[in-house]
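Trainee: No letters, just coordinates:
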């Protein structure tokens with residue numbers, strides 16, 4: 001009888017173990033992205049940037065400067081050049097530049113004047129200093145055109161990615177001070193007012209119309225969709241916003257995504273655009289070395305999630321075959337501060 005009880009106990013134990021072994025835990029499989037974009041803005045070369053090693057760890061296919069690469073705010077060309085040179089001495093950035101293609105645009109502080117536009121006296125000279133920093137060859141067409149705008153095409157086994165960097169400084173019309181409220185600027189309905197200028201608009205339309213890329217990323221430097229806060233934004237030129245949306249729709253370009261910086265905060269904005277089969281996302285990533293840590297709120301009808309007021313950078317994982325994009329606001333040591341996923 002004792003042996004029988006032992007046999008039953010062993011049988012029950014074996015049966016329980018077998019049932020336990022048959023249980024499986026389903027883990028969501030993370031697909032490897034076909035193309036990885038890293039970008040950021042608002043970077044003081046004299047301040048520590050703790051993100052360069054984290055950015056490299058993401059194995060990006062490209063790094064995009066979103067503007068305010070340095071804080072110069074000067075009309076002295078030699079001083080401007082020396083401040084850019086200081087950024088080149090930053091060890092972490094030098095390592096990134098040696099391993100990853102670097103492209104990008106400027107904003108006001110590396111352009112040379114806060115909130116500056118078309119009336120900046122040394123904009124032509126500043127452009128050449130910027131192009132020197134970006135290692136643009138002397139025989140490049142960008143050396144003779146007005147403005148630093150450019151397009152870059154990348155091809156991987158899964159498909160193609162186009163990155164368009166805009167110049168929202170060289171041609172931008174004067175901003176209108178808002179004396180009626182506590183906001184800094186107010187929108188203008190002047191049909192002659194512009195963000196990009198005639199030549200750049202024609203160029204952008206041609207780039208999008210002729211694009212066969214699976215994803216088309218547009219770096220604006222200033223925000224496009226968040227237009228209610230009264231600081232610098234495309235929202236100060238609502239007719240230009242509509243023009244941009246129309247060009248995107250009419251071009252038929254696939255997977256258009258907007259990138260921006262400038263604000264010292266990071267956030268996702270998303271809007272439905274008539275005629276576009278997917279929502280238009282504006283991913284703002286700012287800033288790298290300093291941020292609006294005392295941020296207490298501002299209106300943005302297109303915001304998705306919450307504003308991140310910590311220092312951060314942006315990562316975009318593109319899955320070309322599945323037509324999906326994963327947007328991530330990143331903190332130090334690979335911390336994901338917020339993320340958004342979008343299908344196209």
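Mentor: Nice, I can see it. Quick caveat: nothing in here was measured; it's all calculated off a predicted structure.
Trainee: how near is residue 235 to residue 327?
Mentor: Per C-beta to C-beta, to the nearest Å, residue 235 is found 21 Å from residue 327. Using the backbone N, CA and C atoms, a C-beta is placed for each residue, glycine as well.
Trainee: same thing with residue 228?
Mentor: 21 Å.
Trainee: Who has more neighbours out of these two?
Mentor: Higher neighbour count among residue 228 and residue 327: residue 327, with 22 against 14, using other C-beta atoms under 10 Å.
Trainee: what's the nearest residue to the more buried one if we skip its chain neighbours?
Mentor: The shortest distance from residue 327 to any non-neighbouring residue, by C-beta to C-beta, 6 or more residues apart in numbering, is to residue 340 (4.5 Å).
Trainee: wait, is residue 151 part of a helix?
Mentor: No: Residue 151 is assigned strand when assessed by DSSP: H, G, I helix; E, B strand; the rest coil, not a helix.
Trainee: Which pLDDT does the model give residue 31?
Mentor: Listed pLDDT for residue 31 reads 82.
Trainee: tell me the contacts of it?
Mentor: 319, 322 (C-beta atoms under 8 Å, 6 or more residues apart in numbering).
Trainee: go on, residue 252?
Mentor: residue 209.
Trainee: all strands of the stretch 101-250 of the chain, in order?
Mentor: 102-105, 150-156, 159-165, 176-177, 185-186, 215-219 (DSSP state E, counting those that start in this stretch).
Trainee: most tightly surrounded among those?
Mentor: strand 215-219 (a mean of 25; mean count of other C-beta atoms under 10 Å).
Trainee: name the helices or strands packed onto that strand?
Mentor: Here strand 215-219 touches strand 35-40, strand 62-66, strand 159-165, strand 256-260, going by 3 or more C-beta pairs under 8 Å, 6 or more residues apart in numbering; DSSP states H and E.
Trainee: could those go into TSV alongside distance to residue 299 and mean pLDDT?
Mentor: Shown next, in TSV, are the helices and strands packed on strand 215-219 (distance: least, C-beta to C-beta, whole Å; pLDDT from 0 to 100):
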stretch	distance to residue 299	mean pLDDT
strand 35-40	25	98
strand 62-66	22	99
strand 159-165	28	99
strand 256-260	17	99
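Trainee: mind checking which of the ones you listed is nearest residue 315?
Mentor: Each of the helices and strands packed on strand 215-219 has some distance to residue 315 by C-beta to C-beta; the shortest is strand 35-40, at 5.7 Å.
Trainee: any idea of the mean pLDDT in whatever helix or strand comes next after the closest one?
Mentor: Using DSSP states H and E, the helix or strand that follows strand 35-40 in sequence is helix 52-57. Across helix 52-57, pLDDT averages out at 98.
Trainee: And for stretch 147-158?
Mentor: pLDDT averaged over stretch 147-158 gives 98.
Trainee: got the contact list for it?
Mentor: 34-35, 61-62, 101, 103, 105-106, 127, 130-131, 142, 160-167, 170-171, 196-197, 199-200, 203-204, 207, 213-214, 320-321.
Trainee: ok, which stretches of the stretch 51-200 of the chain are helices?
Mentor: Here the stretch 51-200 of the chain has its helices, by DSSP state H, counting those that start in this stretch, at 52-57, 77-88, 91-99, 108-111, 123-133, 198-209.
Trainee: So which elements touch the third one?
Mentor: Packing partners of helix 91-99 (3+ C-beta pairs under 8 Å, 6+ apart): helix 52-57.
Trainee: For the helix it packs on, could you pull out the residues that count as buried?
Mentor: Neighbour-count burial for helix 52-57 flags 52, 54-56 (criterion: 16 or more other C-beta atoms under 10 Å).
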